[in-house]
Structures are given as C-alpha cells and as structure tokens.
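Chemist: what's the 3D shape of this:
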Amino acid sequence: MAKVRHRIFEMFEFREEAIDTLTPRSAQSVTETEAPEPWTLKHLAVSRLASVSHVEFKKGQTFEEETEKELREDLTQLAEGLIRDSKVLFDFTGVMSISSASIDAFAHFNQKLRTKGSRIALCCIAPDVRQTFFKKSNYHENRN
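Modeler: Here you go, the predicted structure:
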C-alpha cells in the first residue's frame, strides 16, 4: 500500500487504496453514484463512491493566495453539509500547486470533520504539491 506518512493528513498515492481504507468491507461493492447533497461549490465536485464522498477539483488548478478564500468557502459549505461519521476522499488529480493558506483551509476542514467523527483522506497528489504539504507541516512544528 502506498500510504504517505504525514502528521495531519492521511495521504495515499492511489485512489483505490484510499477508498479501501475509508470504506467498510461490507460497502465496497457499491458503485459510483451522484452525491445526494445539493452542493453548489465553485472549485469542488462531489460524487459518491461506495460509502465515501469523493471530492475532485473541477479543473486542473493552482490554489494560490487569490483562490484560497473561495476554496475555504467551498470547504466550509461541504463540512456543514456532511453528516456525522462521513468518509471524504479528496482527489488531487490535476492540482499543480497549492498555497500554505489553502493547506490551512484543508487542515481546518479536517479538524471540523474530526469533531463530527468523520474522516478524510487525500490521494493522487502531485510530488510538488505533496512537498508543499510537508513544508507547511514542518513550519508549524518548528514554530511551536
């Protein structure tokens, strides 16, 4: 299994591995369906994959400072719409760069979901984007 160790996020190299980790064995044979939630999100598309909310970025993007506020709004709306014990998979296919502020938004989203008993995982992260996640994590560790 190609799970990447990170102190905040569960990261997987491949989508299937992340889904296997998030999905209870009894629900793994369920096929993909549209998300029942009526979300209108600017940067995110949500569908259901087994018992997992599969979140993809609408187009290959760079999430720098100027898009961070919109991404944060999408994540807030998504967090408010998810029920307790949700499983959420963020698929980073096509994301070429991400800012530290956007990573903060994901960390805040992760924290909100954990208080609901939910779990998130990240997958298909380009090497440059993954490095940014680790640099941000190291920065916070060194500040404390």
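
Chemist: give me the beta-bridge partners of the residue nearest to R15 when sequence neighbours are not counted?
Modeler: Once flanking residues are discounted, R15 sits nearest to C123: 4.9 Å by CB to CB, 6 or more residues apart in numbering. Where you see a C-beta, it was placed from the backbone N, CA and C, and this is true even at glycine. Applying DSSP bridges to C123 gives these bridge partners: F12, D91.

Chemist: quick one: contacts for C123?
Modeler: M11, F12, E13, F14, R15, E17, A18, L89, F90, D91, F92 (CB atoms under 8 Å, 6 or more residues apart in numbering).

Chemist: need the contact list for the last one.
Modeler: Put plainly, it is F92. F57, L122, C123, C124, I125, A126, V129.

Chemist: So which helix or strand of the chain has the lowest pLDDT on average?
Modeler: None of the helices or strands of the chain scores lower by mean pLDDT, DSSP states H and E than strand 33-34, at a mean of 43.

Chemist: gap between the residue nearest in space to the middle of the chain and L49?
Modeler: What sits nearest the mean C-alpha location of the chain, by CA atoms, centre = their mean, is F90, with 3.1 Å. F90 is 12 Å from L49, where distance means CB to CB, to the nearest Å.

Chemist: again, but for F12
Modeler: For F12 relative to L49 (CB to CB), the value is 14 Å.

Chemist: anything in contact with each of these two?
Modeler: Between them, F12 and L49 share no contacting residue under CB under 8 Å, 6+ apart.

Chemist: circling back to that earlier point, will you turn the contacts of C123 into JSON lines that also has distance to Q61 and pLDDT?
Modeler: Formatted as JSON lines, those follow (distance: CB to CB, whole Å; pLDDT from 0 to 100):
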{"residue": "M11", "distance to Q61": "19", "pLDDT": "94"}
{"residue": "F12", "distance to Q61": "20", "pLDDT": "94"}
{"residue": "E13", "distance to Q61": "20", "pLDDT": "92"}
{"residue": "F14", "distance to Q61": "21", "pLDDT": "92"}
{"residue": "R15", "distance to Q61": "18", "pLDDT": "92"}
{"residue": "E17", "distance to Q61": "24", "pLDDT": "92"}
{"residue": "A18", "distance to Q61": "20", "pLDDT": "92"}
{"residue": "L89", "distance to Q61": "18", "pLDDT": "96"}
{"residue": "F90", "distance to Q61": "13", "pLDDT": "96"}
{"residue": "D91", "distance to Q61": "13", "pLDDT": "95"}
{"residue": "F92", "distance to Q61": "10", "pLDDT": "94"}
